[in-house]
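> Mind looking at a prediction? Sequence and model below.
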Amino acid sequence: MQKTYNYGDALLINKLKNTFVTNDIVYFKFPEKDTSKFTTYLFQRIVGTPGDSIEVINKVVYLNNFEIKDTVTIKHNYFLKSTVKMDSLNRLKYRLMEGTAISEKNDYSFSLTKLKSDSLRNMAVIEKIELEMEKKDNFDFSCFPYSINYKWNMDNYGKLYIPKKNDTLALDTINIVLYKKIIQEYEKNTLEIKRDSIFINNKYTTTYCVKQNYYFTLGDNRDNSNDSRKWGFLPQNYILGKSIWLLKKAKK
């Protein structure tokens, strides 16, 4: 969430808040666990609420088929070619702090806001700058639900329905990968798949009734974020609060 928040900023979190809307920045327990480490907590932006459908097309986020306009803090990765070497001094001069060289011919990849990328286009030292984009149907196995039946990647993702409490989900052996973690981990049921049949708590079923609300979050540094595109739905009981006030660290 850099550009939105920075190290040293002071945040006020409303822990009494139990309903959340699109664009709320929430503080939550990270759903992925590493047994060798302490629990991790994150800030991310809610882009989808219970009952919504979310889709990303060429980096543009659509909520229930309507485009969500990026805030000014949203960053994406850009390919940049320059006439000069972007060493530490030039990176500081042009405020290019997040990125790396990708060749020895002054080719770079930098994480930039739209405003920053537009300002760089007008600089004489910049030969080329363009948004990095992964093509539709290029399957990224690191993206939830990690199945070849859902050929999604960070730039082209979904469409994905976000379950809400009391939803009855129709299940089959293809879409079960979307809801397996909800059923087993978040809502504490046993789940078995035997050939073409699904058993929950040892009973054959073709449906599942959801016990709580779920959300879909994205980081503001979109191409470098470990968010819902990587690990799926965020359970409401993992959300600890909403960021409601920010005191920026004073610059020296």
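Arrived safely. Only a predicted model underlies this, so the values are computations on that prediction, with no experimental measurement involved. Numbering: from 1, shown residues only.
> burial count for G232?
Counted with other CB atoms under 10 Å, the burial measure for G232 works out to 25 neighbours. The way it works is simple: take the backbone N, C-alpha and C, and place the C-beta from them, glycine included.
> and the gap between it and N175?
13 Å (CB to CB, to the nearest Å).
> for Y157, same thing?
In this structure, Y157 lies at 16 Å from N175, with CB to CB as the measure.
> again, but for E130
36 Å.
> which residues are in contact with the host helix or strand of T217?
Secondary-structure assignment from DSSP states H and E places T217 in strand 214-218. By CB atoms under 8 Å, 6 or more residues apart in numbering, the residues outside strand 214-218 that reach it are 20, 26, 28, 44-50, 52, 54, 61, 160, 162-164, 182, 225, 227-229, 233-236, 239.
> Also stretch 186-205?
Stretch 186-205 is contacted by residues 171-173, 176, 180, 183-184, 206, 208, 210-212, 233, 235 when judged by CB under 8 Å, 6+ apart.
> Mind checking which of those residues are in helices?
I176, K180 (DSSP state H).
> need the contacts of stretch 186-205 in CSV with pLDDT and distance to W152, can you?
As requested, those are arranged in CSV below (pLDDT from 0 to 100; distance: CB to CB, whole Å):
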residue, pLDDT, distance to W152
L171, 98, 20
D172, 97, 18
T173, 95, 19
I176, 98, 16
K180, 97, 16
I183, 98, 21
Q184, 97, 21
T206, 97, 25
Y208, 98, 22
V210, 98, 22
K211, 98, 26
Q212, 97, 24
F233, 98, 14
P235, 97, 21
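> Okay, now the unreliable bits of this protein?
1-17, 34-37, 244-252 (pLDDT under 70).
> Please identify the buried residues of the strand holding T217?
Buried residues in strand 214-218, defined by neighbour count with 16 or more other CB atoms under 10 Å: Y214, Y215, F216, T217, L218.
> Can you report phi and psi for the closest residue to the fourth one other than its chain neighbours?
Put plainly, it is T217. Nearest-residue entry for T217: Q44, 3.9 Å, with adjacent residues in sequence omitted and distances by CB to CB, 6 or more residues apart in numbering. For Q44, the backbone dihedrals (degrees, to the nearest 10) come out as phi -150, psi 170.
> Ok, M97 next?
Summarising the backbone geometry of M97 under the convention degrees, to the nearest 10, its torsions are phi -100, psi -20.
> Nearest spatial neighbour of it, chain-adjacent residues omitted?
The shortest distance from M97 to any residue other than its chain neighbours is 6.5 Å, reached at R91 (CB to CB, 6+ apart).
> would that neighbour count as being in a strand?
No. With DSSP: H, G, I helix; E, B strand; the rest coil as the criterion, R91 is helix rather than part of a strand.
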